[in-house]
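Peer 1: Below is the sequence, then the predicted model.
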Amino acid sequence: MKYIIIYITASSLTEARRISSSLLEKRLVACANISSPIESHYHWQGKLETASEVAVIFKTTEDKLKEVADEIKSLHSYDLPAIISWNITWGEPSYLNWIEKETGGLL
């Protein structure tokens, strides 16, 4: 089983909580860490922008990635939401088992 972190930004704490709740209720992720506020600087449509956003880190399994991304896109207010994942190269085995259990992998 491969475990991953998925990182997103949201426009508000309300949006971050709504997305997190949906993913948790559907057991697509085991955990969501919401951090607010963050200050984002980026290029958008030819201009340099600055925005106050909310960062969210999800823990899940690689086989859930497409479903998670699809759910985020369906709930997100941005035209182009940041949805980025990376592999967990090591984790406390009992914690990784918990991720798997909470996302439906271990019963």
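Peer 2: Cool, got the structure.

Peer 1: For the strand or helix carrying E71, name the packing helices and strands.
Peer 2: Applying DSSP states H and E as the criterion places E71 in helix 65-75. Where contact means 3 or more C-beta pairs under 8 Å, 6 or more residues apart in numbering; DSSP states H and E, helix 65-75 is packed against strand 3-10, helix 13-25, strand 83-87. All C-beta spots, glycine's among them, are computed from the backbone N, C-alpha and C.

Peer 1: can you tell me which of the ones you listed comes nearest to S77?
Peer 2: With C-beta to C-beta, the closest approach to S77 among the helices and strands packed on helix 65-75 belongs to helix 13-25: 6.0 Å.

Peer 1: Who does whichever helix or strand comes after that closest one pair with, and is each partner parallel or antiparallel?
Peer 2: Using DSSP H and E, the next helix or strand after helix 13-25 towards the C-terminus is strand 31-44. Within its sheet, and counting by DSSP bridges, strand 31-44 is paired with strand 47-61 (antiparallel).

Peer 1: The strand it pairs with to helix 65-75, inter-axis angle?
Peer 2: Interaxial angle of strand 47-61 relative to helix 65-75 (axes from the mean of the first three to the mean of the last three C-alpha atoms, to 10 degrees): 130 degrees.
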